[in-house]
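Student: generate coordinates for the sequence data below:
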Amino acid sequence: MASDRLASDGPIDEPASLFATFRFAAVISWRDFRALYRWYTYVGGWLVRVLAQAAFLASVGLLVGSESVAHRIAIGAACASAATGALLAIPLATMERALGTAAVLVVSPAGLVPSMLGRAVDRLVDGGVMSTTALVAVFAYLPEVQLLRPSSLLLPVFAVAMAYSSTCLAMTLAGAALLWPDARNLISSTLTVPLTLLSGAVLPHEPTGRLALVSHLLPLGNGIRGCRELALGHAAGALLPLLGELLVGSAWLVAAIGSLRVAQSWATRRAGLV
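Tutor: From the prediction side, this is the model:
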């Protein structure tokens with residue numbers, strides 16, 4: 001029976017086999033992350049950059065003479081930092097082409113999808129850690145927000161949820177970046193500002209009309225609303241936005257799977273990704 005399975009030319013579609021491939025790729029992503037950073041370079045470099053970015057954006061509110069706007073933007077900027085690391089999944093996905101392993105993944109029994117999604121796990125963790133750190137710093141700094149209360153325990157949950165949805169969005173676009181690797185940095189860099197604006201992270205007021213609908217469908221939007229509810233101590237009011245953020249992330253996960261399958265199909269027909 002085992003030999004028949006090994007001799008089969010069909011792709012592996014058993015959930016256990018696909019999950020094993022995903023898990024192995026996730027381990028590789030963690031090793032790549034450890035090779036890229038040391039604790040002192042991560043804390044003293046990457047995290048400081050994120051906190052400085054949140055402080056800079058919050059200063060915009062102070063320039064217009066409104067502390068409430070500054071505090072609102074500070075929370076939004078801390079949430080948006082979840083996408084900073086997550087969107088790096090787009091250029092990092094094209095490293096498989098540079099290393100010459102993308103074509104091997106395409107023709108492998110498990111296919112391209114579980115490997116690519118597994119390699120993006122470190123981006124999810126990175127985004128969650130950065131957003132959690134920024135949110136805790138903002139909550140500890142703002143005078144009207146109490147960090148030490150039960151509702152603040154949800155901050156890491158929101159951070160991971162926003163990193164999850166942002167990573168799934170990045171992997172959706174990674175399918176295009178795999179086919180056109182020269183556009184990888186252009187895609188990831190030009191996405192940051194529109195995502196930050198359309199999600200309402202740095203807007204002085206809550207988005208309305210069509211912009212409100214867009215913010216509900218994009219990553220970060222629901223999570224930002226939930227974190228602002230937590231800042232007011234409304235843990236119950238933050239649960240619905242948390243659920244919305246997870247649903248948005250799951251929708252983008254489905255889109256990412258479809259995008260990577262299109263990239264694999266295109267590569268198979270045209271002998272690409274080499």
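
Student: can you pull out the helices in the stretch 51-200 of the chain?
Tutor: Using DSSP state H, counting those that start in this stretch, the helices of the stretch 51-200 of the chain run over residues 67-86, 89-93, 95-99, 102-107, 112-119, 121-141, 155-179, 184-198.

Student: closest one to residue 249 among these?
Tutor: helix 155-179 (3.3 Å; CB to CB). No exception for glycine: its C-beta is placed from N, CA and C like everyone else's.

Student: which element, helix or strand, includes residue 246?
Tutor: helix 235-270 (DSSP states H and E).

Student: please state the offset of that helix from the chain centre?
Tutor: 11 Å (CA atoms, centre = their mean, to the nearest Å).

Student: in it, what's buried?
Tutor: Across helix 235-270, burial judged by 16 or more other CB atoms under 10 Å covers 235, 238, 241-242, 244-246, 248-249, 251-253, 255-257, 259-260, 263-264, 267.

Student: what helices or strands is the host helix or strand of residue 31 leaning on?
Tutor: Taking DSSP H and E as the criterion, the element that holds residue 31 is helix 15-36. Counting contacts by 3 or more CB pairs under 8 Å, 6 or more residues apart in numbering; DSSP states H and E, helix 15-36 packs against helix 112-119, helix 121-141.

Student: now do it against helix 112-119, angle only.
Tutor: 40 degrees (axes from the mean of the first three to the mean of the last three CA atoms, to 10 degrees).

Student: what average pLDDT does helix 15-36 get?
Tutor: When pLDDT is averaged along helix 15-36, the result is 86.

Student: what angle do helix 67-86 and that helix make with each other?
Tutor: Using the same axes, to 10 degrees: helix 15-36 against helix 67-86 is 110 degrees.

Student: need the contact partners of helix 15-36.
Tutor: With contacts defined as CB atoms under 8 Å, 6 or more residues apart in numbering, helix 15-36 is touched by 12, 109-110, 113-123, 125-126.

Student: let's see that with 6 Å instead.
Tutor: With contact meaning CB atoms under 6 Å, 6 or more residues apart in numbering, helix 15-36 is reached by 110, 114, 115, 118, 119, 121, 122.

Student: could I get those as CSV with neighbour count?
Tutor: Output for those, formatted as CSV (neighbours: other CB atoms under 10 Å):
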residue, neighbour count
110, 20
114, 24
115, 25
118, 22
119, 24
121, 20
122, 25
